[in-house]
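J.: Starting from these lines, generate the structure:
(chains A and B)
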Protein chains: 2
Amino acid sequence: MSVLIDGLQYANWSEKIFRQMREGRVDAVHVTITYHETFRETVLQIEHWNRWFEQFPDLIFQGRTAADVRLAQETGRTAIFFGSQNPSCMEDDIGLIEILHTLGLRFMQLTYNNQSLLASGCYEDDDTGLTRMGREVVAEMNRVGLVVDMSHSGERSTLEAIEHSSRPITISHANPSSWHKALRNKSDTVLKALAESGGMLGFSVYPHHLKDGSACTLQDYCDMVARTADLMGVHNIGIGTDLCQDQPDSIVEWMRVGRWTKRIDYGEGSAAEPGFPEMPSWFADNRDFGNIRAGLRTAGMDDAEVDAVMGGNWLRFFEQSFGAKRPVKNTSARAAE
Amino acid sequence: MSVLIDGLQYANWSEKIFRQMREGRVDAVHVTITYHETFRETVLQIEHWNRWFEQFPDLIFQGRTAADVRLAQETGRTAIFFGSQNPSCMEDDIGLIEILHTLGLRFMQLTYNNQSLLASGCYEDDDTGLTRMGREVVAEMNRVGLVVDMSHSGERSTLEAIEHSSRPITISHANPSSWHKALRNKSDTVLKALAESGGMLGFSVYPHHLKDGSACTLQDYCDMVARTADLMGVHNIGIGTDLCQDQPDSIVEWMRVGRWTKRIDYGEGSAAEPGFPEMPSWFADNRDFGNIRAGLRTAGMDDAEVDAVMGGNWLRFFEQSFGAKRPVKNTSARAAE
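T.: Numbers count the residues shown, from 1 in each chain, chains lettered A, B, ... in the order given. Now for the predicted structure:
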């Protein structure tokens, strides 16, 4: 049975949204739990999630292994996989990589727009690639099974992460810049290198990443997916909606500004449009994945290809990515991975 | 095949000690990883252990479930189970209980000699029992599978913990005060209540808990164990050596003083004997469990009883204690517990 997986969401989580996930039969979602938060602040976010898991055990549970996607499907729930959009959660301490993985973190971006201790963000003037610490941390992420996500990184940093990482990486939410030029979208060079290394691209539905923004049509979007399948192969692409449902605009300010500046930075927005942009009419929430599925068929993909894009590819990637590098004869919990 | 489990150690860990564990065929040890440390400082201790697990995978690994004891035995290694001797690691945040359990914490003392946010320590003048927060935290520990350890708590607090806890608790390292009167040893009232609730006592070999201190004879110790078996039943007792091998005296000062006073507090020691006491000749390190085994036989226990005391009882207790209260249809990792 085909699976439905979203490669990135950052909603203002609520029972309503968890129920919409069920209505939309979403089997698994990679959710952002932290941006600029320190380790301790990130743990507070996990505590929030633990409360939701305890409160809504019939709707959601924490995903740790690829097998949890199938478990979610079998039990009619959505598996929630944790990710971070910045390495702030690991502070300056490589030992926190394994700690965060034990707590369930499965994705970590090396940068969020700006320079980090590890790499350069896509908004910096100069991209100096992976830092000394960046190379160490990528190796440690490879060891424990924490996926490198370069969605918000610069071109050189992304190419070096693909090259340096011994396991496939992801760009969980972005689109080809050949379709819509934006600092956050990716060149064909990056996309080809990503695909050749076995990595995964998640196509974003966030309006700033779309041609014509909020007015982008479903067919334009799905045609773009089909063309990218020709470029990257149909097995290295999935959906990563970047759905930020029900978030107040104060959140997009935190995402952009964190604690790194005292001024306002509009990021992909502008003084005229400082808040979250309106989502396209064909994707408002988790109940709308059927629209994308239908659009991909209209764009010429067959059922098997659509199944792969809507979740099958992410599932294979999860299977390859979340376990320790060499199956260590370690603990029974690890062995399960 | 019988198992050998030590219910508490706090050594200055090293490859030497890990090898001695193997020489002594110790299948599992509950190790103290933290006393007065905050959550973040406790995570640093776990990071240290992660380095040891990575460095010595043929000697030790992190134990998370009772099944890991058998895995250790089958693979010729020692399973290390984490514990805290004070609730400092959870700070004032009940959400950290589940986080710490996810990181592998399996035992937590509600107090270390002093009053805590949760209960009264055995050195306080007045024992006011479980606090409001203490009752909440015990219920949360019950829910996730984190064992309540009252080794350093006062009498009333201990009795209330036994009463309030919906799962059996432990006194992991102490002896009967009827044998040797010490603030840290336990009354027959406490020991009987512990046994009736299915809890476990681990007999300490720490000299301050022994009749005649460092000069205590093996047979005196083993006769005391046999008499306590008559009081508590042979299935609610085990060994909890409290071995503090190779620790510098600065550590016993940290254990006693933490950051709660600027003066020296000698705890069980004195100005004349401020440091760690010398261990009895018959138990210097992990290679000496055979002496206790032989002593228990001489004290009149049969082989099955000795097997139970040397590890079988702890194993049963681990099986009952480390999983979530109701097997939640949660994640595959949890299901393994």
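
J.: Flag every buried residue along the longest helix along chain A.
T.: The longest helix of chain A (DSSP state H) is helix A:39-55. Neighbour-count burial for helix A:39-55 flags A:39-40, A:42-47, A:49-50, A:52-53 (criterion: 16 or more other C-beta atoms under 10 Å in any protein chain shown). (C-beta placed from N, C-alpha, C; glycine too.)

J.: Give the members of those residues that are also in contact with chain B.
T.: A:39-40, A:43-44, A:46-47, A:50, A:53 (C-beta under 8 Å from any C-beta of the partner chain).

J.: Between these, which sits nearest residue B:101?
T.: Nearest to residue B:101 out of these is residue A:50 (C-beta to C-beta; 10.2 Å).

J.: so the closest one touches residue B:96, yeah?
T.: No - between residue A:50 and residue B:96 there is no contact, the gap being 10.2 Å when judged by C-beta atoms under 8 Å.

J.: Run through the bridge partners of residue A:238.
T.: For residue A:238, the beta-bridge partners are residue A:202 (DSSP bridges).

J.: Isn't it up against residue A:204?
T.: No - contact criterion C-beta under 8 Å: residue A:238 and residue A:204 do not qualify, at 11.2 Å.

J.: Which single residue of the stretch 151-300 of chain A ends up nearest chain B?
T.: With C-beta to the nearest C-beta as the measure, residue A:166 is the residue of the stretch 151-300 of chain A nearest to chain B, at 16.6 Å.

J.: secondary structure class for that residue?
T.: Assigned by DSSP: H, G, I helix; E, B strand; the rest coil, the conformation of residue A:166 is coil.

J.: what's around it, how many residues?
T.: Burial measure for residue A:166: 10 neighbouring residues, criterion other C-beta atoms under 10 Å in any protein chain shown.

J.: give me every residue that touches it.
T.: Contact analysis of residue A:166 by C-beta atoms under 8 Å, 6 or more residues apart in numbering or on different chains lists A:139, A:142, A:325.

J.: Just the element for the second one, please.
T.: If I follow you right, that is residue A:142. helix A:132-144 (DSSP states H and E).

J.: what's the angle between that helix and helix B:39-55?
T.: Counting by axes from the mean of the first three to the mean of the last three C-alpha atoms, to 10 degrees, helix A:132-144 lies at 70 degrees to helix B:39-55.

J.: could you give me the average pLDDT of helix A:132-144?
T.: The average pLDDT within helix A:132-144 is 98.

J.: what's near enough to touch the closest residue to residue A:277 other than its chain neighbours?
T.: The shortest distance from residue A:277 to any non-neighbouring residue, by C-beta to C-beta, 6 or more residues apart in numbering or on different chains, is to residue A:207 (3.9 Å). By C-beta under 8 Å, 6+ apart, residue A:207 lies in contact with A:213-214, A:216, A:277-280.

J.: Any chance of a PyMOL selection covering the buried ones in those residues?
T.: Applying 16+ other C-beta under 10 Å to the contacts of residue A:207, the buried members can be selected in PyMOL as follows:
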select buried, chain A and resi 216+277+279+280
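
J.: Redo the contacts of residue A:207 as TSV? Include distance to residue B:187.
T.: Shown next, in TSV, are the contacts of residue A:207 (distance: C-beta to C-beta, whole Å):
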residue	distance to residue B:187
A:213	74
A:214	72
A:216	75
A:277	68
A:278	70
A:279	66
A:280	71
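
J.: Which helix or which strand is home to the closest residue to residue A:197 other than its chain neighbours?
T.: Computed as C-beta to C-beta, 6+ apart, the closest residue to residue A:197 that is not its neighbour in sequence is residue A:162, at 5.0 Å. Assigned by DSSP H and E, residue A:162 falls within helix A:155-164.

J.: Quick check: mean pLDDT of the following helix or strand past that helix?
T.: Counting by DSSP H and E, the next helix or strand C-terminal to helix A:155-164 is strand A:170-174. In this model, strand A:170-174 has an average pLDDT of 98.

J.: Next SSE downstream of strand A:170-174?
T.: Taking DSSP H and E, what comes next after strand A:170-174 is helix A:188-196.

J.: For that following helix, name the packing helices and strands.
T.: Where contact means 3 or more C-beta pairs under 8 Å, 6 or more residues apart in numbering or on different chains; DSSP states H and E, helix A:188-196 is packed against helix A:155-164, strand A:200-203, helix A:218-232.

J.: Perfect, I'm done here.
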